[in-house]
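Trainee: have a look at this fold, sequence not included:
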Ligand SMILES: C[S@@+](CC[C@H](N)C(=O)[O-])C[C@H]1O[C@@H](n2cnc3c(N)ncnc32)[C@H](O)[C@@H]1O
């Protein structure tokens with residue numbers, strides 16, 4: 001089994017043990033996709049690389065793409081298909097996104113929360129571009145190296161152990177209590193006044209973002225972090241290198257946006 005297949009199967013234990021529907025709110029979806037909005041999607045062909053249980057596609061389909069395809073290497077495609085049941089012009093495909101070449105090129109290719117779990121993140125970026133039409137757009141989101149010192153120091157060593165344990169043990173005996181601690185921390189920060197001194201606290205901005213959600217979402221995120229055997233933290237300079245090494249990108253269209261202080265949204269357009 002390849003390292004990426006092992007990762008995708010680990011994620012399937014997360015995605016296939018959730019209630020039906022999206023784990024994300026509409027606001028979260030829109031925040032992940034920005035600066036793209038409904039007008040960039042309506043009537044366009046769209047591909048999601050690494051779609052999990054189709055939690056983003058549930059929202060994406062509401063923006064009326066002319067065709068929406070989700071690709072994942074794990075058995076989460078089973079729940080993705082259930083979540084997309086009855087939707088027109090939608091397809092879920094089980095495939096390795098690194099090698100994936102669709103039957104067509106897409107107006108938009110997006111890849112949220114996936115590249116940092118690949119054995120070779122740059123190969124995932126290449127696939128995003130390869131599947132984008134000339135003149136089309138690509139959009140991604142990755143964990144940043146910047147702003148994640150606490151996670152790299154504390155959570156990542158724990159992940160290396162937890163990802164080898166039975167998934168149910170990791171979820172209920174490790175992720176659940178850690179999520180409860182972080183839930184208390186985030187809810188406390190959310191009620192405190194927004195004073196600059198607090199910004200030095202670990203994951204401050206991220207805590208304010210996730211504090212809008214209920215405990216079950218905290219547990220989902222904690223389990224997602226701990227169940228995967230592969231995670232990289234991507235410095236901004238690496239995304240700049242990805243951009244620089246592709247002559248087919250329209251370099252006037254690119255963006256790299258810091259999100260919640262600990263991740264990068266990036267994207268742009270392919271040359272016509
Ligand atoms: C953290 S989840 C993100 C899912 C979805 N994009 C979202 O934001 O809800 C990462 C997903 O990438 C998938 N994945 C990992 N490596 C892959 C690969 N080589 N090809 C296709 N999917 C892959 C995993 O199976 C998992 O569902």
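Mentor: Good, I have the coordinates. Here the structure is a predicted model, which is why all the values come from computation and not from measurement.
Trainee: from here on, just use CA atoms for contacts and neighbour counts.
Mentor: Noted.
Trainee: burial count for the closest residue to residue 204 other than its chain neighbours?
Mentor: Among residues not flanking residue 204 along the chain, residue 198 sits closest, at 7.3 Å (C-alpha to C-alpha, 6 or more residues apart in numbering). Around residue 198 there are 13 other residues, counting by other C-alpha atoms under 10 Å.
Trainee: and the contacts of stretch 125-138?
Mentor: For stretch 125-138, the surrounding residues in contact (C-alpha atoms under 8 Å, 6 or more residues apart in numbering) are 49, 97-102, 104-111, 115, 242, 267-272.
Trainee: repeat the analysis, applying 6 Å as the threshold.
Mentor: 98, 105-110, 267-272 (C-alpha atoms under 6 Å, 6 or more residues apart in numbering).
Trainee: spit out the contact partners of residue 253.
Mentor: 268, 269.
Trainee: got a list of what the residue nearest the centre of the chain touches?
Mentor: Among the residues of the chain, the one closest to the centroid is residue 113, at 2.0 Å (C-alpha atoms, centre = their mean). Neighbouring residues of residue 113 by C-alpha under 6 Å, 6+ apart: 141, 142.
Trainee: pLDDT score for the residue nearest to residue 204?
Mentor: At residue 198, the model reports a pLDDT of 94.
Trainee: thinking again about what came up before, give the buried subset of the contacts of stretch 125-138 as a PyMOL selection command.
Mentor: To isolate the buried ones among the contacts of stretch 125-138 in PyMOL, judged by 16 or more other C-alpha atoms under 10 Å, type:
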select buried, resi 98+105+106+107+108+109+110+267+268+269+270
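Trainee: just the ones of the contacts of stretch 125-138 in strands?
Mentor: 106, 107, 108, 109, 110, 267, 268, 269, 270 (DSSP state E).
Trainee: would you turn the residues you listed into TSV with pLDDT and distance to residue 190?
Mentor: Listed next are the ones in strands among the contacts of stretch 125-138 as TSV, based on pLDDT from 0 to 100; distance: C-alpha to C-alpha, whole Å:
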residue	pLDDT	distance to residue 190
106	98	40
107	98	39
108	98	35
109	98	34
110	98	31
267	98	30
268	98	33
269	98	37
270	97	40
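Trainee: name the helices or strands packed onto the helix or strand where residue 10 lies?
Mentor: Assigned by DSSP states H and E, residue 10 falls within helix 3-15. Helices and strands touching helix 3-15, as assessed by 3 or more C-alpha pairs under 6 Å, 6 or more residues apart in numbering; DSSP states H and E, are absent.
Trainee: name the residues of it that are buried.
Mentor: Buried residues in helix 3-15 (16+ other C-alpha under 10 Å): 4, 5, 6, 7, 8, 9, 10, 11, 12, 13, 14, 15.
Trainee: closest to the ligand among these?
Mentor: residue 8 (3.2 Å; C-alpha to the nearest ligand atom).
Trainee: contact partners for that closest one?
Mentor: Taking C-alpha under 6 Å, 6+ apart as the test, what residue 8 contacts is 73, 74.
Trainee: just residue 7 next, same as before
Mentor: Residue 7 sits next to 228, 229 when contact means C-alpha under 6 Å, 6+ apart.
Trainee: against residue 85, how distant is it?
Mentor: Using C-alpha to C-alpha, to the nearest Å, residue 7 is found at 25 Å from residue 85.
Trainee: ok, residue 183 next?
Mentor: For residue 183 relative to residue 85 (C-alpha to C-alpha), the value is 33 Å.
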